[in-house]
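In: predicted coordinates and the sequence they were generated for:
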Amino acid sequence: GKARNNGMLKSSGEYIAFLDADDFYEINMLEKLYARAKVDDLDIVIGKYDIYNNKKARFQPTVESDYGSVFKGGVVASKNEYPDFILQSTTGAAWNKLFKRSFIESKGISFLPDVMVFEDVYFTVCALAFAEKVARVDDVIMHHRVYSAQSRARLFKKHFNQIPESFLRIKEFLMRGGMYQPLSNGFLNLSATRCYNAYKLLKSDAREKFFNLLHEEYCDKLGWSEHVAEDYQKSEVCEFVA
């Protein structure tokens, strides 16, 4: 997070993109994203991506985000049209997106500098919550590399306490900007679903600690206990929270 923040401070371009060291672009990625951004003066433009399995040296398709359909057909969307879905319309990663620099600076959005997981989720979700114009390029223009040395479960096991804390900071950012109430259902389903998915990745000892941490310390802070069952988009997530 700190490295990306330093990069943004030194940037001078109209738009900002982020590339992780182990991923790689299609050669025309930036051209396609920028061209799409200029057509509708977008705050954020999203690119589709696939998975490159480094061990097997082959590409694999990805599953559509839960509500990625809001962008189909070149539609320009935002929290104004889809307050319950925009936060879950794309991955929380920053590496398949182009962000208008003036928009990011005007809203004071940055990466969390002091966490090892979900620092990019914070940045992306805060941006989606305040953007007025978001659209997608329906071409695979980014390749996310996975390899055997990676282990999300191992990373989460070491830093699982930072996951709900990152969402709590998102909530605080939305509250400061007056966007929490209109997006509260979307935030509920985003934060609860992501925590549930992280829980499923953990091994038994860390899983129990994470479950207890969520229910003893974060359920109330994140606003989960303020919602009724009908507010949850997935029954298994509702049951997990309850």
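Out: That came through fine.

In: if you count contacts, what does the helix or strand of the chain with the lowest mean pLDDT end up packed against?
Out: When the helices and strands of the chain are compared on mean pLDDT, DSSP states H and E, helix 152-159 comes out lowest with a mean of 73. Under the contact criterion of 3 or more Cβ pairs under 8 Å, 6 or more residues apart in numbering; DSSP states H and E, helix 152-159 touches helix 184-201. The way it works is simple: take the backbone N, C-alpha and C, and place the C-beta from them, glycine included.

In: report the inter-axis angle for the helix it packs on versus helix 152-159.
Out: Angle, helix 184-201 to helix 152-159, by axes from the mean of the first three to the mean of the last three Cα atoms, to 10 degrees: 100 degrees.

In: which residues touch the helix or strand immediately after helix 184-201 in the chain?
Out: For helix 184-201, the succeeding helix or strand toward the C-terminus, using DSSP states H and E, is helix 204-213. Helix 204-213 has contacts (Cβ atoms under 8 Å, 6 or more residues apart in numbering) with 156-157, 160-161, 163-164, 195, 198-199, 202.

In: which helices and strands does the top strand by length along the chain pack with?
Out: Longest strand in the chain, counting residues (DSSP state E): strand 134-146. Helices and strands touching strand 134-146, by 3+ Cβ pairs under 8 Å, 6+ apart, are strand 24-25, helix 29-40, strand 44-53.

In: my guess is residue 61 contacts residue 50. True?
Out: Yes. Taking Cβ atoms under 8 Å as the definition, residue 61 is a contact partner of residue 50 at 5.6 Å.

In: the more surrounded of the two?
Out: Using other Cβ atoms under 10 Å, the more surrounded residue of residue 61 and residue 50 is residue 50, with 14 against 10.
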